[in-house]
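Asker: this one's sequence-less:
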């Protein structure tokens, strides 16, 4: 059914990087969600009112919330497809993240309302009539919600949508909550136990727990979360495959919504090579990422001297020395400035957040290790700039 709907309602469905195609996927998800949830709501309201079940009635109201969330998703995808303008030069794709957050808020609100109603039912239990028709409606609802969860999950994976991931999780939660209501109804019908209120409360707590989780997931990209490790590994590997690239560091990735990524990185290349040749290589790398990965990459060229044997040996030794302090530390931008009485070793050290040593302790430790490895005729001073890592993997990379 999912593939049938995609083929018939999403034109050029395989071109998921196209903004128009993404919007078509979002529209399909929204329309399917509205139709399914309104039908389920009507059926559950009917049997809930006839049976006097607070759990079934609350479950029906949950479907109203889901229909509203589908409307929000539908609007969000259309707004996020708006092109960039003077006020928003990076586009409007982050609206999709805001849409996911709105869905999460809706989940939490309905969870609170359901909990309040269920507690009232526990304190003041009433007679609940559970019939075969009621069971059939609830069982059918579970099947529909399970299909909707799979449907939205497949679309979310195809277009990398956090909003639809949230919608898929909400559908799965609905299937679980309706199953709990169905089970409680069966137990109550077969015994004298009044489980309707307790079933409603269990459903409410489950909805609240999942809603908070979805809210956290949708807030992270809006707050500027670290880039995905798989993405940073891919960027690093692709850059290092280019001839002339000796290493890279200071990778930063900015996410302005699905399909709207901007990145910057420092690339080390031989200082002795022709400047125009290196500039041409950098241009090719930037164009490759823009055309094939939809990433606007800006590269800063760092020249590395490859003919100074003493500097190369000192650079290699310094990397090993820093690794001896902690494998979490990395070094880049190494330079030697020689003088009559001493030589300055100038470089940057990348320190992860939450590192057990302060910046000053790292500097002092490096200088002590350098002092311990020098002879009477040689004096090295270290000039260390401490930086923080903006990627979840090692930022300094070499061939």
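Answerer: Nice, thanks for sending it over. No experiment lies behind these values; they were computed from the predicted model shown. Numbering: from 1, shown residues only.

Asker: CA only for contacts and neighbour counts going forward, please
Answerer: Noted.

Asker: can you list the residues that contact stretch 95-110?
Answerer: Contacts of stretch 95-110 with the rest of the structure, by Cα atoms under 8 Å, 6 or more residues apart in numbering, involve 61-62, 65, 69, 72-73, 76-77, 79-80, 161-164, 166-167, 170, 204, 207-208, 211-212, 214-215, 218-219, 221-222, 257.

Asker: From the chain's centroid, how far away is that stretch?
Answerer: Centre-to-centre, stretch 95-110 and its host chain are 15 Å apart (Cα atoms, centre = their mean, to the nearest Å).

Asker: about what we covered before: just the contacts of stretch 95-110: which are in helices?
Answerer: When helices are assigned by DSSP state H, the members of the contacts of stretch 95-110 inside them are 61-62, 65, 69, 72-73, 76-77, 79-80, 162-164, 166-167, 170, 204, 207-208, 211-212, 214-215, 218-219, 221-222.

Asker: Generate a PyMOL selection restricted to the buried subset of the residues you listed.
Answerer: Remark: buried members of the ones in helices among the contacts of stretch 95-110, expressed as a PyMOL selection using 16 or more other Cα atoms under 10 Å:
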select buried, resi 61+62+65+69+72+73+76+77+79+80+162+163+164+166+167+170+204+207+208+211+214+215+218+219+221+222
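
Asker: pLDDT wise, what is residue 154 at?
Answerer: Note on residue 154: pLDDT of 92.

Asker: quick one: secondary structure of it?
Answerer: helix (DSSP: H, G, I helix; E, B strand; the rest coil).

Asker: Any idea how many residues pack against residue 182?
Answerer: The number of residues packed near residue 182 is 24, by other Cα atoms under 10 Å.

Asker: Could you pull up the contacting residues of it?
Answerer: Residue 182 sits next to 135, 138, 139 when contact means Cα under 8 Å, 6+ apart.

Asker: Assign it to helix, strand or coil.
Answerer: Judged by three-state DSSP, the three-state class of residue 182 is helix.

Asker: Quickly list what residue 349 is bridged to.
Answerer: Under the criterion DSSP bridges, residue 349 forms beta bridges with residue 331, residue 386.

Asker: Count residues in the vicinity of it, would you?
Answerer: Neighbourhood size, residue 349 [other Cα under 10 Å]: 23.

Asker: Then residue 257?
Answerer: Based on other Cα under 10 Å, the number of other residues close to residue 257 is 20.

Asker: residues touching it, list them.
Answerer: Going by Cα under 8 Å, 6+ apart, residue 257 touches 92, 93, 94, 95, 96, 97.

Asker: With neighbour count and secondary structure added, can I get these in JSON lines?
Answerer: JSON lines is the format used below for the contacts of residue 257 (neighbours: other Cα atoms under 10 Å; DSSP: H, G, I helix; E, B strand; the rest coil):
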{"residue": "92", "neighbour count": "22", "secondary structure": "coil"}
{"residue": "93", "neighbour count": "24", "secondary structure": "coil"}
{"residue": "94", "neighbour count": "21", "secondary structure": "coil"}
{"residue": "95", "neighbour count": "24", "secondary structure": "helix"}
{"residue": "96", "neighbour count": "28", "secondary structure": "helix"}
{"residue": "97", "neighbour count": "26", "secondary structure": "helix"}
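
Asker: from these, which is closest to residue 278?
Answerer: residue 93 (33.9 Å; Cα to Cα).

Asker: for residue 344, phi and psi?
Answerer: In this entry, residue 344 is assigned phi and psi values of phi -90, psi 130 (degrees, to the nearest 10).

Asker: try residue 245
Answerer: Listed backbone geometry of residue 245 is phi -90, psi 120, with angles given as degrees, to the nearest 10.

Asker: related to what we said a few turns ago, out of the contacts of residue 182, who's the most crowded?
Answerer: With neighbours taken as other Cα under 10 Å, the top of the contacts of residue 182 is residue 138, carrying 26 neighbours.

Asker: so that residue touches residue 179, yeah?
Answerer: Yes. With contacts defined as Cα atoms under 8 Å, residue 138 counts as touching residue 179 at a distance of 7.5 Å.
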